[in-house]
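Novice: structure for the following, please:
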Amino acid sequence: MGTSKEYSIVYEIKGKVFEIRSTGLLGESAGQEFEQRVNYGLEQKLRHFVFDFGHAKSISSPAIASILNSTEAIVEEHKGKVCLTGLTELNLKVFEMVGILLSAEVCVTLPEAEIRVLLEDTQKKD
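Specialist: Numbering: from 1, shown residues only. Next up, the predicted model:
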């Protein structure tokens, strides 16, 4: 194996939204880096997070565990909101099975996620 990483986890702060875009093969080290990025956003006092997996080739179990931990920290500990986008059908099913979707909303497009993450959760009011 070469020295270059098989993935990238980049973030961008867009107003009140902390956006994380993941590309490549997301393994254990990618999961750890993902959690570090989320923790940085929380340290910046941000509560609205968008996770874009549209360019992720695969997401391993350790990376999924990191995403679950991060999502729970944002929603439960910091009373924030998470929107996910770019999920394959398989990833969507796995995220549902492990409980990520109990704390996060799925959006079809990145622009939709950037808007919805700022809206109050109307589903719980019904």
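Novice: next one: the strand or helix carrying Tyr40 to chain centre, how far?
Specialist: Counting by DSSP states H and E, the element that carries Tyr40 is helix 28-43. How far helix 28-43 lies from its chain's middle: 10 Å, per C-alpha atoms, centre = their mean, to the nearest Å.
Novice: which residues does it contact?
Specialist: 5, 7, 9, 11, 13, 18, 20, 22, 24, 26, 49, 60, 62-67, 69-70, 73-74, 78, 80 (C-beta atoms under 8 Å, 6 or more residues apart in numbering). (Glycine included, C-beta is placed from N, CA and C.)
Novice: what ranges does this structure have for its helices?
Specialist: Secondary structure of the chain (DSSP state H): helices at 28-43, 61-72, 89-98, 110-116.
Novice: out of those helices, nearest to Phe53?
Specialist: Of all these, helix 89-98 sits nearest to Phe53, with 6.5 Å by C-beta to C-beta.
Novice: okay, which residue is most central for this structure?
Specialist: Nearest to the mean C-alpha position of the chain, counting by C-alpha atoms, centre = their mean, stands Phe51 at 3.2 Å.
Novice: isn't it right next to Leu87, touching?
Specialist: No: using C-beta atoms under 8 Å, Phe51 and Leu87 do not qualify as a contacting pair, with a distance of 9.2 Å.
Novice: count the residues that sit near Leu84.
Specialist: 23 (other C-beta atoms under 10 Å).
Novice: and it, what pLDDT?
Specialist: Note on Leu84: pLDDT of 98.
Novice: repeat that for Glu89.
Specialist: At Glu89, pLDDT is 96.
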